[in-house]
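S.K.: I would like the atomic coordinates for the input below:
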Amino acid sequence: MLWVTSPSIDTLDARLLETMRAHPRIGLTELARLLGVARGTVQARVDKLTTRGVITDFGPTVAPEGLGYPILAFVSLQIAQGRLAEAVHDLGALPEILEVYGTSGQADLLCRVVAQSTSDLQEVIARILASPAVQRTDTTMALSTQIPYRIEPLLRTTPRT
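M.R.: Sure thing, here's the model as predicted:
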């Protein structure tokens with residue numbers, strides 16, 4: 001993610017983001033009413049936060065479990081020297097790979113992977129290893145979610161402008 005400007009937000013931005021997270025289907029008019037500001041102010045703030053890359057999407061969050069993929073795993077990859085772009089390209093062809101992050105430390109990439117079963121996960125890992133750019137994998141299966149994705153605590157502590 002490339003940040004266009006300073007990542008700081010003000011109190012109204014934080015309240016706007018928290019309210020949008022709490023009520024994802026809320027309209028701008030209702031959002032303005034809850035925040036006690038004009039609808040145009042809300043629209044301008046949402047546009048500004050979207051342009052800056054603070055708000056990245058408005059789509060629904062889809063649970064892979066609901067699509068028949070109840071297994072979640074994190075797969076660390078060691079990549080052959082100079083073949084990172086090739087590895088990323090190959091990984092992009094696998095629909096079970098939800099996210100890939102470049103990392104420091106022992107692994108070069110960290111993948112968030114879903115599967116329909118443990119045997120399906122083994123197949124996904126085999127397909128990952130089929131890429132000549134991938135030298136080694138290390139897989140950790142998630143057993144439960146202890147703290148789901150959240151941003152609200154960070155919104156409450158982010159320095160205000």
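S.K.: Tell me how the chain divides into domains.
M.R.: Following automatic domain parsing, the chain resolves into domains at 11-60, 64-142.
S.K.: and the ones you listed, which one's lowest on average pLDDT?
M.R.: Mean pLDDT is lowest for domain 11-60 out of the domains of the chain, coming in at a mean of 94.
S.K.: returning to that earlier point: could I get the domains of the chain as JSON lines with mean neighbour count and distance to Leu154?
M.R.: (C-beta placed from N, C-alpha, C; glycine too.) Shown next, in JSON lines, are those (neighbours: other Cβ atoms under 10 Å; distance: least, Cβ to Cβ, whole Å):
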{"stretch": "domain 11-60", "mean neighbour count": "14", "distance to Leu154": "10"}
{"stretch": "domain 64-142", "mean neighbour count": "15", "distance to Leu154": "18"}
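S.K.: sec struct for Leu98, please.
M.R.: Classification of Leu98 by DSSP: H, G, I helix; E, B strand; the rest coil places it in strand.
S.K.: For it, give its distance to Val62.
M.R.: Applying Cβ to Cβ, to the nearest Å, the value for Leu98 to Val62 is 10 Å.
S.K.: Which neighbours do these two have in common?
M.R.: Common contacts of Leu98 and Val62 (Cβ atoms under 8 Å, 6 or more residues apart in numbering): none found.
S.K.: of the domains of the chain, which approaches Ile151 most closely?
M.R.: domain 11-60 (6.6 Å; Cβ to Cβ).
S.K.: Pull up the distance across the closest one, start to finish.
M.R.: 26 Å (Cα to Cα, to the nearest Å).
S.K.: how far is it from where the chain is centred?
M.R.: Put simply, domain 11-60 sits 19 Å off its chain's centre (Cα atoms, centre = their mean, to the nearest Å).
S.K.: Just want the phi and psi numbers for the residue lying closest to Leu72 once chain neighbours are set aside.
M.R.: Leaving aside its chain neighbours, Leu72 sits nearest to Ala142 (4.2 Å; criterion: Cβ to Cβ, 6 or more residues apart in numbering). Per-residue torsions, Ala142: phi -80, psi 130 (degrees, to the nearest 10).
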